[in-house]
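# How does the following fold in three dimensions:
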Amino acid sequence: MSREAAQNISAPPPAKSVYLLGGIYLNNTFTCKACGADVPLEGGGTENRNHCPKCLCSVHLDNVPGDRAADCGAVMDAVAVWVRKDGEWAVIHRCRRCGALSSNRIAADDSPFKLMSIAAKPLAQPPFPIEFIDRMSDDE
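Take a look at the predicted model:
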């Protein structure tokens, strides 16, 4: 057997599992790399779950959605939310390692508290002193 062929042989995955990336085996759930929650692969109204519904973190697997070609593999934090033309909310993720950004639609079982806290963050932490708002309203 050639060396290359021997490298391609690995222990069989556990029953009812899918090999995803870097030796991570998934069955009907995966463990969130950020918060440790057990996350069901199906549910929440989505066929391809790509983030944890508890902490909203993802993993940098794709260069283009679905291609699984990124070799980064780092945790991606949910840093913002936005509303698409059709009114659907989506989460913006930023990779902790390389800084790549991606947009993922929310799922029905995503934490409403976490979504709202991300949405409210710019209002709670504006890029200017809050006193400027009073001064601006006095000028009008």
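# remind me, longest strand of this protein?
The strand that spans the most residues within the chain, counting by DSSP state E, is strand 75-83.
# which neighbours does it have in its sheet, and in what orientation?
strand 58-59 (antiparallel), strand 89-95 (antiparallel) (DSSP bridges).
# Could you tell me the least trusted of those strands?
With a mean of 93, strand 58-59 has the lowest mean pLDDT of the strands paired with strand 75-83.
# Report the distance from it to the chain centre.
Put simply, strand 58-59 sits 4 Å off its chain's centre (CA atoms, centre = their mean, to the nearest Å).
# can you start the count at 761 instead of 1 from here on
Yes, from this point I'll number from 761; that puts the last item at strand 818-819.
# Run through who's touching it.
Outside strand 818-819, the residues that touch it by CB atoms under 8 Å, 6 or more residues apart in numbering are 781, 793, 810-812, 833-836, 838, 853, 862, 864. The C-beta positions use only the backbone N, C-alpha and C, and glycine is treated the same way.
# picking up where we left off before, can I get the strands paired with strand 835-843 in JSON lines with mean neighbour count?
Output for the strands paired with strand 835-843, formatted as JSON lines (neighbours: other CB atoms under 10 Å):
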{"stretch": "strand 818-819", "mean neighbour count": "24"}
{"stretch": "strand 849-855", "mean neighbour count": "19"}
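# Would you map the strands across this structure?
Using DSSP E, strands in the chain cover 778-781, 784-786, 789-791, 798-800, 818-819, 835-843, 849-855, 861-865.
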